[in-house]
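J.: Task: produce atomic coordinates for the following.
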Amino acid sequence: MTTATQTLRNDARVIGLIGLGHGTSHFFHLLLAPLFPWLKDEFALSYAELGLLMTVFFVVSGASQAVAGFIVDRVGALPVLLGGIALLCLAALGLASSNSYTLLMLFSAVAGLGNSVFHPADFTVLNRRVTTRRLGHAFSVHGLSGALGWAAAPVFLAGLATLFHWRIALLGAAALAFAVLTILFIWRDLLDPGELSASVAQPTRREENEKPVTFLRLPAVWMCFTFFLISALSFGGIQSFAPAALRDLYSVPFTFATACITAYMLASAAGLVTGGFAAARTQYHDRVIAVAFTISGGTAALVALGGMPGWTVMPMLAVIGFGAGLAGPSRDLLVRAAAPANATGRVYGVVYSGLDIGLAISPPIFGALMDNHHPGWVFALIGAFQFIALGAAVGVGERSVRATQPA
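T.: Numbering: from 1, shown residues only. A predicted model of the protein is given here:
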């Protein structure tokens, strides 16, 4: 076997294993939402109380993600990644045995803590174990696996709850997490990022002597954080209230409106695959994001106007989803360009905490628009957030280009 073939095989294995873990993370994002009807009856909860369980998950995940990045850089990505999956397994077992709202809240927080490790650990492993020319495809698969995790959760959990019981569904989720944990442990030698690959430069003596928080002084890091926060606000609007807004704005059946969101997700997955090839062929990742978000943001603004035939809604949502997916791999490579070689985990931890914060605060914003009967404003704001995020991405790209040019 040639060295090139062996390298390709190792890269594919690493990408697949990390994708499996990331899909599990996204599966657990929706661990409780598909079970809300059963939990509401079992514990006599309001929708606000059920929604608070999701908020707790994302708040804990966002607050812990930056800390997880520091731990990744200190003790290594592999033990942190395995520990995170173990916490997800523990959370599912705890939720399955909960007999009070307080315990549901507690184990939602445990699940959020487990979820916090994935982005800093995943991207540290990918950046250090995958060759540079395949990183665009690696980030594409990483995003695609997350989308598949989101898609699998409602079918898996609601299906088991319908056939058996909601507690059985949560036990099934725990078994799934344990299976993934076992697979990653068996293949742990491939995922140990202790030895840097050709995709990561060795830190200089100056970088080795820098304080652990020095990277926080880099404007590009905070611009990346802003980009993730604002783009998550946009996606949160799609995820939470887009079906209801489409129903009110275009007078289409709710089932059709929900199918439009499915079209968004499928097109987003196609965009992620396409975005991997686009990211591999250019170093101007901010330009890819600019094109993608201009298309999706402009289409969202078009949806906000209303007045078009109802059948046009599904293809327009697909265009929005494709643009969002197309930007994904370039987005992750943009963060990589902003990260010092010795601070990968910390940078990804801080930057991706913006994603969780955006997903935590987005529902109240869009919910207020729906409560005040402004469904068109939902899509107007989705588009506006994408255009604002576009500006942040271009700013990061310009700083990255200046940083690589000779003085």
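J.: Going by C-alpha atoms from here, please, whenever you check contacts or count neighbours.
T.: Will do.
J.: got a pLDDT number for the spatially closest residue to D356 that is not a sequence neighbour?
T.: Spatial nearest neighbour of D356, excluding adjacent residues (C-alpha to C-alpha, 6 or more residues apart in numbering): G62 at 4.8 Å. G62 carries a pLDDT value of 84.
J.: Let me see the contact set for G62.
T.: 116, 352-357 (C-alpha atoms under 8 Å, 6 or more residues apart in numbering).
J.: I'd like to know which of the residues you listed is nearest to L30.
T.: Closest approach to L30 among the contacts of G62 (C-alpha to C-alpha): D356, at 13.5 Å.
J.: quick one: the helices in the stretch 201-350 of the chain?
T.: For the stretch 201-350 of the chain, the helices defined by DSSP state H, counting those that start in this stretch occupy 205-209, 219-250, 254-280, 285-305, 313-338, 344-371.
J.: what's the closest of these to V56?
T.: Of all those, helix 344-371 comes closest under C-alpha to C-alpha, at 8.2 Å.
J.: Now do the buried residues in the closest one.
T.: Using 16 or more other C-alpha atoms under 10 Å as the test for burial, helix 344-371 gives 344-363, 366-367, 369-370.
J.: of all the helices of the stretch 201-350 of the chain, which lies closest to T162?
T.: Closest among these, using C-alpha to C-alpha: helix 254-280, at 19.6 Å.
J.: how distant is the closest one from the center of its chain?
T.: Here helix 254-280 is found 14 Å from its chain centre; the criterion is C-alpha atoms, centre = their mean, to the nearest Å.
J.: The helices of the stretch 201-350 of the chain: which one's closest to A111?
T.: Of all these, helix 344-371 sits nearest to A111, with 13.2 Å by C-alpha to C-alpha.
J.: Residue ranges in the stretch 51-200 of the chain under the pLDDT threshold?
T.: Residues of the stretch 51-200 of the chain meeting the criterion pLDDT under 70: 193-200.
J.: for it, what spans make up the helices?
T.: Going by DSSP H, counting those that start in this stretch, the stretch 51-200 of the chain shows helices at 77-96, 101-115, 118-129, 135-163, 166-186, 188-191.
J.: Just put the ones you listed in a markdown table and tack on mean neighbour count and distance to L233.
T.: Formatted as a markdown table, these follow (neighbours: other C-alpha atoms under 10 Å; distance: least, C-alpha to C-alpha, whole Å):
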| stretch | mean neighbour count | distance to L233 |
| --- | --- | --- |
| helix 77-96 | 23 | 25 |
| helix 101-115 | 23 | 19 |
| helix 118-129 | 27 | 18 |
| helix 135-163 | 21 | 17 |
| helix 166-186 | 19 | 28 |
| helix 188-191 | 17 | 32 |
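J.: Which one, of those helices, ends up nearest to A324?
T.: For A324, the closest of the helices of the stretch 51-200 of the chain is helix 135-163, at 11.0 Å, according to C-alpha to C-alpha.
J.: now for that closest one, which elements pack on it?
T.: Contacts defined by 3 or more C-alpha pairs under 8 Å, 6 or more residues apart in numbering; DSSP states H and E place helix 135-163 against helix 3-29, helix 118-129, helix 166-186, helix 254-280, helix 313-338.
J.: can you list contacts of stretch 262-272?
T.: The contact list for stretch 262-272 (C-alpha under 8 Å, 6+ apart) reads 140-141, 143-144, 147, 314-315, 317-329.
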